[in-house]
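Enquirer: What shape does this take:
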Amino acid sequence: MGKELFTEEFKRMVVQYVLDGHTRRETSETFGVSCTPIEKWVNLYKLHGAEGLLRRNLTGRQKGFDSEFRLKVLQYKHQHNLSCTQTAMHVCLDVVTVCRWDKKFREKGMQGLMMNQKAATPAKRQKAQEQAELKKENKRLEEENLRLRMENDYLKNLLIIRQRQRRDHNMS
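Expert: Down below sits the predicted model:
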């Protein structure tokens, strides 16, 4: 099961409930959401207003950041002595993305940030396509196998019926 997605409208309602004076625990119980995302939404709202609650990490969005932008984010993180979570909230990115960039930078320096994430994509895409083709071929073969079994059963039954007819004809 993947991450549960909440609408911006729902997030605004939750944030407003907290801003109206309710505790995060009360808000959690009222809306059925754990305290962690509530805290994150409130902080994002305080930093960026309603725009901070907009969905991030839509397909492919994070992959479009160049190494210069990644470096600026990490420089900001280190200059202000922030955690990955604080940095991610400040620049409206996913915390996992910021942590991944930070790790790559620590391990490989600027070269780590310059590594093109899309380089692996064609290979992954090709592998996924090959797997999809294999599944399709397996399904086709299973259907053909079933059809041939049915045909074989039909012919066997037909042969049995013919043999009975001959036997009955010979007996009469």
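
Enquirer: who does the biggest helix by length in the chain touch, helix- and strand-wise?
Expert: For the chain, the helix with the greatest residue count under DSSP state H is helix 121-171. Using 3 or more C-beta pairs under 8 Å, 6 or more residues apart in numbering; DSSP states H and E, no helix or strand is in contact with helix 121-171. Using the backbone N, CA and C atoms, a C-beta is placed for each residue, glycine as well.

Enquirer: Tell me where the model's unsure across the protein.
Expert: 1-4, 55-64, 115-121 (pLDDT under 70).

Enquirer: How is the chain partitioned into domains?
Expert: The chain breaks down by automatic domain parsing into domains covering 8-117, 120-172.

Enquirer: starting at the chain centroid, how far to the longest one?
Expert: Just to be clear, that refers to domain 8-117. 17 Å (C-alpha atoms, centre = their mean, to the nearest Å).

Enquirer: if I look at residue 148, how far off is residue 7?
Expert: Look at residue 148 and residue 7: by C-beta to C-beta, to the nearest Å, they are 51 Å apart.

Enquirer: With residue 51 instead?
Expert: 15 Å.

Enquirer: same thing with residue 73?
Expert: Counting by C-beta to C-beta, the separation of residue 73 from residue 7 is 27 Å.

Enquirer: Among the two, which residue is more densely surrounded?
Expert: residue 73 (22 against 10; other C-beta atoms under 10 Å).

Enquirer: ok, now which ones touch residue 54?
Expert: Residues in contact with residue 54 (C-beta atoms under 8 Å, 6 or more residues apart in numbering) are 8, 92.

Enquirer: could you redo the last one with a cut-off of 10 Å?
Expert: Counting by C-beta atoms under 10 Å, 6 or more residues apart in numbering, residue 54 touches 8, 11, 44, 48, 92.

Enquirer: residues contacting the first one?
Expert: Contact criterion C-beta under 10 Å, 6+ apart gives 41, 50, 51, 52, 53, 54, 55 as the residues in contact with residue 8.

Enquirer: Try it again at 6 Å.
Expert: 53, 54 (C-beta atoms under 6 Å, 6 or more residues apart in numbering).

Enquirer: For stretch 160-169, what is the distance to the chain centroid?
Expert: The chain centroid and the centroid of stretch 160-169 are separated by 62 Å under C-alpha atoms, centre = their mean.

Enquirer: Can you list the buried residues in that stretch?
Expert: By neighbour count on 16 or more other C-beta atoms under 10 Å, the buried set for stretch 160-169 is empty.
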